[in-house]
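Peer 1: have a look; sequence and predicted model below, questions after that.
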Amino acid sequence: MEQDKIQHLEFIQNNINRMNSNSFQIKEWMITIVSALLALYVSSGNENYIFLAILPTVLFWFLDAYYLLQERKFRCLYNDILSEDTEIPPFAIPINSYDSSILKTLFSKTIGSLYGIIVLLLILGGVVLKYFA
């Protein structure tokens, strides 16, 4: 029985690692796309590329929040399996039983500040370059 519990925890840890890896790749893609759009602005002088960079940033923000939410659910499940108080059947993955909010995750300190600052800087930079330069 103890071996089943260890394998169950390893399975959950693998999912947590995958969610974390996906989150990191999302940030890489966001930085790459925003950088490419800013490079297009520099080469063309068209401020619309700066405003266009907001769209992929917001889309990746939502996607990153989704993966962070899933990771948090798996962490709760992991902790519950370690706990002696809860009875979770071997190899069950009831992550939907954990209550979480995507909005709360969107504006969490970890990703809300990162993406929020980038969106704010893109808006401010675009407005300044379009109307005051």
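Peer 2: That came in fine, so what should we check first?
Peer 1: next structured bit after the helix or strand of the chain at the bottom of the mean pLDDT ranking?
Peer 2: Ranked by mean pLDDT, DSSP states H and E, the weakest helix or strand in the chain is helix 102-106, scoring a mean of 94. Later in the chain than helix 102-106, the nearest helix or strand by DSSP states H and E is helix 109-131.
Peer 1: any stretches of this protein with poor pLDDT?
Peer 2: Where the chain drops to pLDDT under 70, the residues are 1.
Peer 1: make it 90
Peer 2: 1-2, 4-5, 83-90, 97, 99-100, 133 (pLDDT under 90).
Peer 1: the residue positioned nearest the centre of it: which element?
Peer 2: With distances taken as C-alpha atoms, centre = their mean, the chain has residue 64 as the residue nearest its mean C-alpha position (1.9 Å). Assigned by DSSP H and E, residue 64 belongs to helix 54-82.
Peer 1: which neighbouring elements make contact with that helix?
Peer 2: Contact partners of helix 54-82 among helices and strands, from 3 or more C-beta pairs under 8 Å, 6 or more residues apart in numbering; DSSP states H and E: helix 2-44, helix 102-106, helix 109-131. Every residue, glycine included, has its C-beta placed from N, CA and C.
Peer 1: re earlier: give the other helices and strands that the least confident helix or strand of the chain contacts.
Peer 2: helix 54-82.
Peer 1: buried residues in the helix it packs on?
Peer 2: Across helix 54-82, burial judged by 16 or more other C-beta atoms under 10 Å covers 54, 56-58, 60-61, 64-75, 77-78, 80-81.
Peer 1: so how far is it from its chain's centroid?
Peer 2: Helix 54-82 sits 6 Å away from the centroid of its parent chain (C-alpha atoms, centre = their mean, to the nearest Å).
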